[in-house]
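K.L.:
Got a sequence here, can you model it:
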Amino acid sequence: MADNKNLVVLNLGSQRVGGAVFSKTSRGELVLKKYEFVEMMGDPSVDATRLPQLKVAVAELADNLKLKGHQAWYAVAGHLVFSRFVKLPPVQGERVGQIVEFEARQQVPFPLNEVAWDYDFITEDPVEKEVMIVAMKMDALNEINDIVSNNGVKTVGVDLAPTCVYNAFRYSYPDADEPCVIVDLGARSTNLIFAEGEKMFTRNILVGGASVTGAIAKEFGYGFGDAENQKCTQGFVALGGTVEDHADAGIAALSKVIRNAVTRLHGEVLRTITHFRSQQGGSQPKRIFLCGGGSQLAYLAEFFQEKFKLPVEIFNPLRGVQLAPGVNAEAAAADAHGMAEMVGLALRSSGSCPVEVELVPDAVELSRDTARRAPALVMAGLCTWAMFGAGIAYFNKAGEATQSRVAEVEAKVESLKDLSNNLAQIDVELNDLKAQSAQFEAAVNDRSYWVRMLTDLNNKFDSDLLWLTLIEPLKDGRSMTLPQTPEGAAMGSATGSGNSSLFETPPAAEGADAFVKPADPAATGSPPTSAPTGAPPTVVAPYSLRIMGLYRRNDEGQEVVYRYARALASSEFFAVENIAEKLGDYCKAESGAGEEERYAYKFELRLPLKNPMEMTLQAK
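P.N.:
Coordinates of the predicted model:
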């Protein structure tokens with residue numbers, strides 16, 4: 001299991017991968033417990049081979065240091081990171097972050113959504129703040145992070161090599177008050193770090209140990225591996241002036257090639273110093289420190305001292321670091337030049353540093369986001385379970401109360417069953433009584449039927465020009481009243497000469513009775529009739545009412561009859577349809593034309609009754 005007190009760090013260089021395990025004392029001092037370096041063969045400037053070699057080197061380092069399961073900070077090479085130093089106007093609060101983001105969009109040559117970027121303030125001048133903006137392509141960062149995490153090492157944070165070196169310098173040389181420049185010579189590039197009080201500036205130069213090796217290979221026709229071997233075993237920087245050349249001509253030629261290559265580095269350093277002084281407001285450095293794998297090239301310090309006329313020394317990042325008992329002090333001192341980044345990472349892992357910038361891979365951001373949400377998710381889960389528990393308790397209690405209430409209701413139901421049976425019996429008796437009373441109600445209503453009809457007929461008169469001589473019901477257009485004499489000639493009969501019909505009388509159907517007598521229509525509200533006991537079965541047939549009479553001669557003529565017919569059409573007793581167009585079907589009246597001396601003229605109305613009539617067939 002990982003020891004949380006250990007500070008695990010990795011320096012992923014271009015040709016050398018370093019790893020170390022630190023701890024921290026109660027007084028805040030670093031203790032180096034163990035470290036390891038793994039060299040990567042081949043030209044570091046060839047990107048196609050770098051990731052596979054890095055994968056093998058990290059796996060070997062994790063096995064040797066037993067880093068699987070540990071959390072670690074690691075640093076990426078300076079040439080992979082884009083950095084800019086920007087001066088901001090005097091703004092405060094939230095606007096600072098907005099302005100920094102605006103400057104990042106202007107300075108970073110990639111869209112911000114495609115990079116991992118961060119910033120930190122270099123100076124806190126209230127008038128003019130200076131900020132360091134760093135960015136790295138997210139795809140490249142994720143590839144490196146996958147290699148680290150696939151070897152069982154959990155990434156805590158990612159820093160960049162120049163800021164790690166600066167933080168290590170501030171920790172190891174707290175007494176360095178004068179302006180200094182640290183030259184970190186890597187395999188593929190060189191990082192220049194300027195330190196002046198609280199001010200800091202870095203620049204990456206694409207000139208490194210591989211550039212010297214490439215010059216040797218080109219000059220002598222060697223392969224890269226052979227040229228690297230010659231540089232490490234026999235190479236040195238030729239000293240200028242009156243210093244005598246090496247006795248071996250080949251070695252002397254090799255040293256001159258190296259001097260020419262390093263002279264290019266000197267030119268880049270000189271230009272960077274000029275830029276630092278003119279653009280960043282820095283001062284001329286008073287001391288030069290060398291570190292990195294390239295700093296071990298023989299006579300390199302003397303070369304820089306010759307060129308810059310300044311004191312040059314090898315940067316020792318272990319100056320303020322204690323060594324655990326298991327660490328070889330001589331070996332650690334010999335390897336100290338390559339441990340600046342790891343000391344800076346250990347400081348970053350253990351607490352605050354002068355400069356803190358971080359590049360966050362997608363996987364780390366997701367992990368942090370999950371960790372931030374974890375308390376809320378746990379609380380939400382607890383609340384959910386609490387709600388479930390409360391719900392279960394509530395429903396259990398509600399179930400008990402419901403069962404108790406159901407038992408009470410069932411007991412009441414049982415007690416009311418006898419009452420329900422009694423009420424059902426009473427309902428049956430009540431229905432029987434209603435059926436009996438309906439007959440009496442119908443009889444009472446029917447008794448007044450003809451009275452109400454005759455009253456309605458009388459109320460429809462609007463003058464005294466009309467009088468009625470006959471009112472009788474018809475069935476299928478034929479009279480239903482019995483003749484007064486066998487001959488049928490008496491006054492007021494249906495066929496009497498005084499009341500001869502103005503309508504054509506339809507013939508009786510074959511086999512039908514000439515007359516029918518109305519039966520009791522109690523259930524329908526139709527005109528009342530009486531039927532003798534033992535009468536034949538009843539049939540339902542359409543009925544109408546014949547109204548015959550006379551109208552006096554007047555200026556309006558037949559219109560007085562037609563007006564009376566239209567008035568009756570609206571009565572509740574008749575079912576007259578479309579009287580305006582079918583007036584002739586319902587009303588006939590003599591015109592009296594040419595009879596000036598005649599006093600009155602006949603008219604006849606045949607109006608269908610609205611309600612059907614149950615009639616009993618009259619026995620012959």
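
K.L.:
just the strands in the stretch 51-200 of the chain please.
P.N.:
With DSSP state E, counting those that start in this stretch as the criterion, the stretch 51-200 of the chain has strands at 71-76, 82-88, 115-123, 129-137, 154-160, 180-185, 190-196, 199-205.

K.L.:
Helices of the stretch 351-500 of the chain, start to end?
P.N.:
362-447, 449-459 (DSSP state H, counting those that start in this stretch).

K.L.:
Those helices into TSV, with extra columns for mean pLDDT, mean neighbour count and distance to Val31?
P.N.:
For glycine as for every other residue, the C-beta is placed from the backbone atoms N, C-alpha and C. Below are the helices of the stretch 351-500 of the chain laid out as TSV (pLDDT from 0 to 100; neighbours: other Cβ atoms under 10 Å; distance: least, Cβ to Cβ, whole Å):
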stretch	mean pLDDT	mean neighbour count	distance to Val31
helix 362-447	85	11	27
helix 449-459	88	13	123
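
K.L.:
Distance to Asp184 added to those helices, as CSV?
P.N.:
Below are the helices of the stretch 351-500 of the chain laid out as CSV (distance: least, Cβ to Cβ, whole Å):
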stretch, distance to Asp184
helix 362-447, 25
helix 449-459, 124
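
K.L.:
Hmm, Thr213 is touching Lys231, no?
P.N.:
Yes. Thr213 lies in contact with Lys231 (Cβ atoms under 8 Å); the separation is 5.6 Å.

K.L.:
picking that back up, to Gly584, which of the helices of the stretch 351-500 of the chain lies closest?
P.N.:
helix 449-459 (20.8 Å; Cβ to Cβ).

K.L.:
Could you find the closest non-adjacent residue to Arg319?
P.N.:
Ser172 (4.1 Å; Cβ to Cβ, 6 or more residues apart in numbering).

K.L.:
The one you found and Pro317 touch, don't they?
P.N.:
Yes. Using Cβ under 8 Å, Ser172 is in contact with Pro317, at 5.4 Å.

K.L.:
what sits in contact with each of those two?
P.N.:
Val343 (Cβ atoms under 8 Å, 6 or more residues apart in numbering).

K.L.:
out of these two, which sits in the busier spot?
P.N.:
Neighbours per residue (other Cβ atoms under 10 Å) separate Ser172 from Pro317, with Pro317 holding more: 28 against 23.

K.L.:
residues in contact with the more buried one?
P.N.:
By Cβ under 8 Å, 6+ apart, the neighbours of Pro317 are Ala168, Phe169, Ser172, Cys291, Ala336, Met339, Ala340, Met342, Val343, Gly344.

K.L.:
just curious, which of these is nearest to Val96?
P.N.:
Gly344 (25.9 Å).

K.L.:
Quick check: phi and psi on the closest one?
P.N.:
phi -60, psi -40 (degrees, to the nearest 10).

K.L.:
Dump the strands of the stretch 51-200 of the chain to a markdown table, plus mean pLDDT.
P.N.:
Compiled in a markdown table, the strands of the stretch 51-200 of the chain are given as follows (pLDDT from 0 to 100):
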| stretch | mean pLDDT |
| --- | --- |
| strand 71-76 | 94 |
| strand 82-88 | 90 |
| strand 115-123 | 90 |
| strand 129-137 | 91 |
| strand 154-160 | 93 |
| strand 180-185 | 95 |
| strand 190-196 | 94 |
| strand 199-205 | 92 |
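
K.L.:
May I see those organised as TSV, with distance to Gly399 and mean neighbour count added?
P.N.:
Converted to TSV, these look like this (distance: least, Cβ to Cβ, whole Å; neighbours: other Cβ atoms under 10 Å):
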stretch	distance to Gly399	mean neighbour count
strand 71-76	52	24
strand 82-88	68	18
strand 115-123	58	19
strand 129-137	63	20
strand 154-160	50	22
strand 180-185	76	25
strand 190-196	74	25
strand 199-205	72	23
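
K.L.:
which stretch among those comes nearest Ile251?
P.N.:
Closest among these, using Cβ to Cβ: strand 180-185, at 21.3 Å.

K.L.:
hey, C-alpha coordinates of the closest one in CSV?
P.N.:
Taking Å, rounded to 0.1, in the frame of the first residue of the first chain, the C-alpha atoms of strand 180-185 are listed here in CSV:
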residue,chain,number,x,y,z
CYS,A,180,21.4,35.0,-11.2
VAL,A,181,20.8,32.9,-14.3
ILE,A,182,20.5,29.1,-14.2
VAL,A,183,21.4,27.3,-17.4
ASP,A,184,19.6,23.9,-17.4
LEU,A,185,21.3,22.0,-20.3
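
K.L.:
re the thing from before, look at Thr213 and Lys231 and report which has more neighbours.
P.N.:
Thr213 (28 against 23).

K.L.:
Against Cys232, how distant is the more buried one?
P.N.:
9 Å (Cβ to Cβ, to the nearest Å).

K.L.:
Could you report the neighbour count for the residue lying closest to Gln234 once chain neighbours are set aside?
P.N.:
Among residues not flanking Gln234 along the chain, Ile251 sits closest, at 5.3 Å (Cβ to Cβ, 6+ apart). Counted by other Cβ under 10 Å, the residues lying close to Ile251 total 16.

K.L.:
which SS class is Ile251?
P.N.:
At Ile251 the chain is in helix, as set by DSSP: H, G, I helix; E, B strand; the rest coil.

K.L.:
That one contacts Lys231, doesn't it?
P.N.:
No. The criterion here is Cβ under 8 Å, and Ile251 misses it with Lys231 at 11.3 Å.

K.L.:
quick one: the residue nearest to Ala195 when sequence neighbours are not counted from Ala565, how far?
P.N.:
In this structure, Ala195 finds its nearest non-sequential neighbour in Cys180, 4.9 Å apart by Cβ to Cβ, 6+ apart. Cys180 sits 130 Å away from Ala565, going by Cβ to Cβ.
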